Structures are given as C-alpha cells and as structure tokens.
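A.B. asks: Generate a structure from the sequence data that follows.
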Amino acid sequence: MPPAFPERAAWGTASSLRAWQQQALEAYFGTDGSAPGPRDFLTVATPGAGKTTFALRLARELMERRTVQAITVVCPTEHLKRQWAESAARVGIKIDPEYQNGQGPVGKDFHGVAVTYATVAARPALHRNRTESRKHLIIFDEVHHAGDGLSWGDAVREAFEPATRRLGLSGTPFRTDINPIPFVQYDEGPDGIRRSRADYTYGYGPALADGVVRPVIFLAYAGEMRWRTRAGDEITATLGEPLTQDQTSQAWRAALDPKGDWIKQVIAAADRRLTELRRAIPDAGGLVIATDHETARAYAGMLKAVTGQSATVVLSDDPTASKKIKAFTDTDDRWMVAVRMVSEGVDIPRLAVGVYATSTSTPLFFAQAIGRFVRARKRGETASVFLPSVPTLMGHAAEMEEERDHVLDRPVREDGLDDDLLAEANRKDDNPDVGEELPFETVEASATFDRVLYDGGEFGMHAQPGSAEEEEYLGIPGLLEPDQVSALLRKRQAAQLANERKRKTGDPRADRTAAEDIAALRRELNGLVNAWNHRTGQPQGVIHNELRRACGGPPVPQASAEEIRERIAKIRDWAAKRRH
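C.D. replies: A predicted model of the protein is given here:
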C-alpha cells in the first residue's frame, strides 16, 4: 500500500490519510466503518509516523457520530499541550491548553482540554467529575507515562475510569518497571509472563519501507581520552575499545567535556554534514542534545565559532522554551541546543542532523531522542545522528527496528531498560553539582571517525577528522531511498578498503609502523565484536572464538595484520547477512 491515500477516505472526514492511519481506523471501526468501536484502544506507532493526526481523525469521527461530546488530551509536558491544541485547531477541534486544576468548568468555546499527567495526579477527583459530566474521549499521549509510579497510575485510573472512550498512544519502547499502565490490556503468554497488547502497531521498519519516516544514518566517533583522577593519577583510554564500565563512563564523560577537542571536532563534522543535507533540504536543521545547562551553553559557543551564527538554546527551566522551539521550527536557522526539552513528542520536522552529546543511555531516552529526526516530509530525505562510540549506544542504534511490549511479572531491568535512570535523566536539576569535588578532570580528548551504523549493518574504518575518508561519509547525499543508502555505504566502504590495501602494497611503513597498523586493526576488530555482542547477546570471547574457527589463525594478540583483516571482513559479512 502507498504511504498515503490521495483521495478522501470512503467514510470519515479526513481528506488524506496515510495507509497505516486508515488501517488503524479500520481496526477501530471495522472495514466498512459501521462498528461502534471499543472503549479502550492502544496504538503503538513509531515517532514521526503521525499519531497525532490519527488520534484527531478518530476524535472528530467519534464527535460527529455523537459517541463523545468532549475530549481530554493528557500529555507528558506543558509544551506538548500547546502542540496538541495547535494541531487540533487545524482540523476544527478547539482544545484549551491552558486549563488548570483551579479553573473550574471548561470554557464553552472549547471541545475539551489538554493537561499533563502531573496535573491529573494532583487532583484526580476534579478530572473524574469533568469526565462524568459529559461523554468523554480521553487521549493518552505517550501512555507509558501513566505508569510513572503507582500513585500516578492510581490517579489516572480514578480520573478517567468513567470515560466513554479511551485512546492510548505510544511511540517508544514501553516501561520496564512492573507497574501496570492503566487501561492497557495484558495477555499471559505460554511462559506465564504478562505482556501488553497493542490493538494496532506500526513500527519503524514498516514506516521506513512506506517512506513515512526517514532512514537514520548513525555516525560513531571514537578517540583518545586522557583524564586526571581525584588522586592525581592520569589515565588514558580509547573510546570504542573494550573498557570496564567505569572506564567507559569516564572516557564518555571526557569526550563530552567542552574543555576537550572531541566534542568540538564532532560538532564541526556534524555541521559539515548539515551543509551537505541543506543542498537537497534547504531548511534542514540540527539539534545537539546536551546533558546540562552549562555544557549546553558551551556547545552553543562552539557552534557560533564554527558557523558564525548563534544557535537557539532551549533549557528546561526557561519559561520561554516553548516559544523558542516554535520559532526555531518556523525558521531556517541551522542549530538548536537543548537539555531534554525535545527528547519526546516535540515536532520539528526539519530536524535532520543530531549530535547525541549526553551521557543518558537508557533505551527509552535514546528512542525518544532519535524520534526527533525521523519525520519525513518528502520521500528520500535522510537523517544523520552523531554519537560517541560507546557499546550501549551502538547497541541501541543497531536495534532501531526492535519493537518491545510492556512486560510484567519479571525482575526490573532484566534487559537493561532502566526507567530509574530515565527518571534521573529527566530530573529538574540540570546544572552540575556545585561544590562537589569532581571525580576526575579532563586533560585531553580527541575524536576519530569510527564507523557508520545503518539498517543493522556497519560501514567504514577509523579515520581522522577532516580526512578524505571521513568526508566520504559526511558527503552522503541528503535525498536517497533506504536501499540507495545501503548501496552507497557498501560502495564507499569497499573503496576505502581498496585504498587501504593499495597503500599497504606500495609501502607498508609509509604512514605508520607495522605495530601501529596492527594496533589499529585490533581496535577496529574489538569495536565490531563489541557491537556484535550487543546485537546478539553472545559473549565477546565466544565471538572471537567463532571468528577463529571461521577464518583460522591464532588468538588476536598473536594474529598477523592480514589475519585480523580477514576476521574484520567476516564479522562485517555476518552483520550484512543478518539484516538481508
């Protein structure tokens, strides 16, 4: 089916619906549109697919059938309330986004209100009275937030239990705690474990095939990090190589430290990528996702130095944040820097380049962040996200198409989806601790282009910032079909490997010693084994043993450069076959 129907649907009010939206409506009302529809309906659709359009189309249909008389939209954030109201106004539904608990009755000019989950939790009885006063449709935007603790879940259940209709929407992997989400159905599987059941699901893979979302190209950067501990010792580590959890955390922090060169080099590379995309997408914008206020301002200064233009800075405690986001949305300015404010639900369709410059690593936050870049406005647009070469993030990037249900009856964080960490990332205090002694001080941090991740495959080899090899990937055209992206990446990787072999044949010591060459190959192989470990769950030792069985030769420390290259080619072949 095409991604959108060009003609008016046979029944209903929408002039144009994407295929999945029409299918979801048919799942609700039946193929002929005559069914009354269920009281509860859960729609899970990938970010950027058009959940808001579907929900408002359903709301208008229910109002015209007089099934409901009023609408309440429940959102995670204040900004999203206004965004819902603006979208609803475009289809003739008047939503009050400024409604407060102390306000009393809803104005007669409105069909309903938009409130936050926190507002409902503060006075559930008030919202229950509103719900009972008229036949209500309740729209839960990012419904997993209704399970933010037992108290919130109880409040949502109390407030909206009398509703005539309830529609749950979600675009990201569900929670990992074991608090049931109100009004979501759970089915018990053969293993005795209860899992959430969506009434309609539209994942990233199908959306990509339909041209509804953009393909996302992940550009990973490694590099040498050096930092001084509290005791005064200096430690050096390479981001992208096998490290302990503490070493990875500290090397990652050093990479993001504005005092070092890593983040400066990555931001400069991201801006070069944005320049390339703007050849085909003139208003393409970029977003740097920062950890806290201080680094956000520092990154904005780097962007000003690189581009000569000021970047929009959006901070969570800024009362004008919503206005800044809207202003950036409506212009062709190059860059925005934000702390959390655009991690979920915020719609800026022109965002096409991202820098993941935060140490938050939960799958929920990662999925929400990447969701800001996937919305396609026309077929062929691509998105590019720059990130540190950290195993956790590499795993998330490789699992973009994985769909997850909310699972009850199991230990919390069994699969690493840690909502406690997400809550910590979303805390109100976005400033670094004042007066607390830092565990280390960054001495030096430099970036190295590591590899490209796309559609479950990995492409490219280590290259220095500004090198011809890096530019080959930064210069990928901005308008390409998904299969064209794969073909181009394979072509450029083959050319890079051929150039490397040619250089070796001519003068093996031309650029570096044999020992340096083998060390670089070992780093590349270890990085690929790390990524394969996150994709398959196989221990790294097992992966190395399988590569030895497949390719022959001694363990890695004794292997020659050619033997290591053969193993690199083999694991890349595994990755390609697993996806196709």
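A.B. asks: got the residue ranges for the strands in the stretch 451-580 of the chain?
C.D. replies: 457-459 (DSSP state E, counting those that start in this stretch).
A.B. asks: Which parts of it are helices?
C.D. replies: 468-474, 482-506, 514-536, 540-551, 561-579 (DSSP state H, counting those that start in this stretch).
A.B. asks: what does the stretch 51-200 of the chain give?
C.D. replies: 51-64, 78-89, 117-122, 124-133, 150-160.
A.B. asks: Over to the stretch 301-450 of the chain?
C.D. replies: Counting by DSSP H, counting those that start in this stretch, the helices of the stretch 301-450 of the chain are 321-329, 363-370, 391-398, 419-425.
A.B. asks: mind putting those in a markdown table, mean neighbour count and distance to residue 463 included?
C.D. replies: From N, CA and C alone the C-beta is placed, and that goes for glycine too. Listed next are those as a markdown table, based on neighbours: other Cβ atoms under 10 Å; distance: least, Cβ to Cβ, whole Å:
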| stretch | mean neighbour count | distance to residue 463 |
| --- | --- | --- |
| helix 321-329 | 18 | 32 |
| helix 363-370 | 24 | 24 |
| helix 391-398 | 22 | 17 |
| helix 419-425 | 16 | 31 |
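A.B. asks: can I get those helices in CSV with mean pLDDT and distance to residue 31?
C.D. replies: Below are those laid out as CSV (pLDDT from 0 to 100; distance: least, Cβ to Cβ, whole Å):
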stretch, mean pLDDT, distance to residue 31
helix 321-329, 88, 37
helix 363-370, 82, 32
helix 391-398, 86, 37
helix 419-425, 42, 38
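A.B. asks: Would you tell me which of those gets closest to residue 222?
C.D. replies: helix 391-398 (10.6 Å; Cβ to Cβ).
A.B. asks: hey, C-alpha coordinates of the closest one in CSV?
C.D. replies: Taking C-alpha atoms only, helix 391-398 is exported to CSV below (Å, rounded to 0.1, in the frame of the first residue of the first chain):
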residue,chain,number,x,y,z
PRO,A,391,28.8,-0.1,23.3
THR,A,392,25.5,0.8,24.9
LEU,A,393,24.6,3.4,22.3
MET,A,394,25.9,1.2,19.5
GLY,A,395,23.5,-1.5,20.6
HIS,A,396,20.6,0.9,20.7
ALA,A,397,21.4,2.2,17.2
ALA,A,398,21.6,-1.4,15.9
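A.B. asks: Tell me what angle it forms with helix 363-370.
C.D. replies: 60 degrees (axes from the mean of the first three to the mean of the last three Cα atoms, to 10 degrees).
A.B. asks: Mind listing residues that contact helix 391-398?
C.D. replies: 218, 220, 248, 356, 361, 363, 366-367, 385, 387, 416, 453, 456, 530-531, 533-535 (Cβ atoms under 8 Å, 6 or more residues apart in numbering).
A.B. asks: got any ranges where the chain has weak pLDDT?
C.D. replies: Where the chain drops to pLDDT under 70, the residues are 1-15, 148-150, 172-178, 341-346, 400-439, 500-517, 578-580.
A.B. asks: ok now do the residue nearest the centre of it, which residues does it touch?
C.D. replies: Closest residue to the average C-alpha location of the chain: residue 370 at 2.3 Å, with Cα atoms, centre = their mean. Remark: with contacts taken as Cβ under 8 Å, 6+ apart, residue 370 is in contact with 47, 216, 354, 385, 400.
A.B. asks: rewinding a little: which one of the helices of the stretch 51-200 of the chain lies closest to residue 499?
C.D. replies: Smallest distance to residue 499 across these (Cβ to Cβ): 45.3 Å, for helix 51-64.
A.B. asks: and the closest one, what does it pack onto?
C.D. replies: With contacts defined as 3 or more Cβ pairs under 8 Å, 6 or more residues apart in numbering; DSSP states H and E, the packing partners of helix 51-64 are helix 19-29, strand 40-45, helix 78-89, strand 136-140, strand 165-170.
A.B. asks: Now render those as a markdown table, adding distance to residue 576 and mean neighbour count.
C.D. replies: What follows is the helices and strands packed on helix 51-64, written out as a markdown table (distance: least, Cβ to Cβ, whole Å; neighbours: other Cβ atoms under 10 Å):
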| stretch | distance to residue 576 | mean neighbour count |
| --- | --- | --- |
| helix 19-29 | 28 | 20 |
| strand 40-45 | 29 | 22 |
| helix 78-89 | 39 | 20 |
| strand 136-140 | 40 | 25 |
| strand 165-170 | 32 | 25 |
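A.B. asks: on that earlier part again, what is the nearest of the contacts of residue 370 to residue 134?
C.D. replies: residue 47 (31.8 Å).
A.B. asks: that older thread, show me which of the contacts of helix 391-398 are buried.
C.D. replies: Neighbour-count burial (16 or more other Cβ atoms under 10 Å) applied to those gives 218, 220, 248, 356, 361, 363, 366-367, 385, 387, 453, 456, 530-531, 533-535.
A.B. asks: Which residues does stretch 467-483 contact?
C.D. replies: 208-209, 215, 217, 219, 269, 272-273, 276-281, 284, 352, 379-382, 384, 449, 452, 455, 459-461, 463-464, 485, 488-489, 492, 495-496.
A.B. asks: just stretch 232-239 next, same as before
C.D. replies: 221-229, 243, 247-248, 250-252, 255, 262, 388-390, 440, 443, 523.
A.B. asks: Tell me the buried residues in that stretch?
C.D. replies: 237-239.
A.B. asks: Which of these sits closest to residue 96?
C.D. replies: The closest of those, once distances to residue 96 are taken by Cβ to Cβ, is residue 239, at 48.5 Å.
A.B. asks: Could you report the distance from the closest one to residue 249?
C.D. replies: Using Cβ to Cβ, to the nearest Å, one obtains 11 Å as the distance from residue 239 to residue 249.
A.B. asks: Residue 105 - how many residues pack around it?
C.D. replies: Residue 105 is flanked by 7 other residues according to other Cβ atoms under 10 Å.
A.B. asks: Pull up the gap between it and residue 129, please.
C.D. replies: Distance from residue 105 to residue 129, by Cβ to Cβ: 10 Å.
A.B. asks: just residue 391 next, same as before
C.D. replies: Counting by Cβ to Cβ - residue 391 and residue 129 are separated by 51 Å.
A.B. asks: now swap in residue 81 and tell me
C.D. replies: 20 Å.
A.B. asks: isn't residue 195 right next to residue 185, touching?
C.D. replies: No - counting by Cβ atoms under 8 Å, residue 185 is not a contact partner of residue 195; they are 9.8 Å apart.
A.B. asks: Which one's more surrounded, these two?
C.D. replies: Set residue 195 next to residue 185 and count neighbours by other Cβ under 10 Å: residue 195 wins out with 18 against 15.
A.B. asks: who does the more buried one bridge with?
C.D. replies: Counting by DSSP bridges, residue 195 is bridged to residue 187, residue 407.
A.B. asks: Find the nearest non-adjacent residue to residue 546, please.
C.D. replies: residue 538 (7.9 Å; Cβ to Cβ, 6 or more residues apart in numbering).
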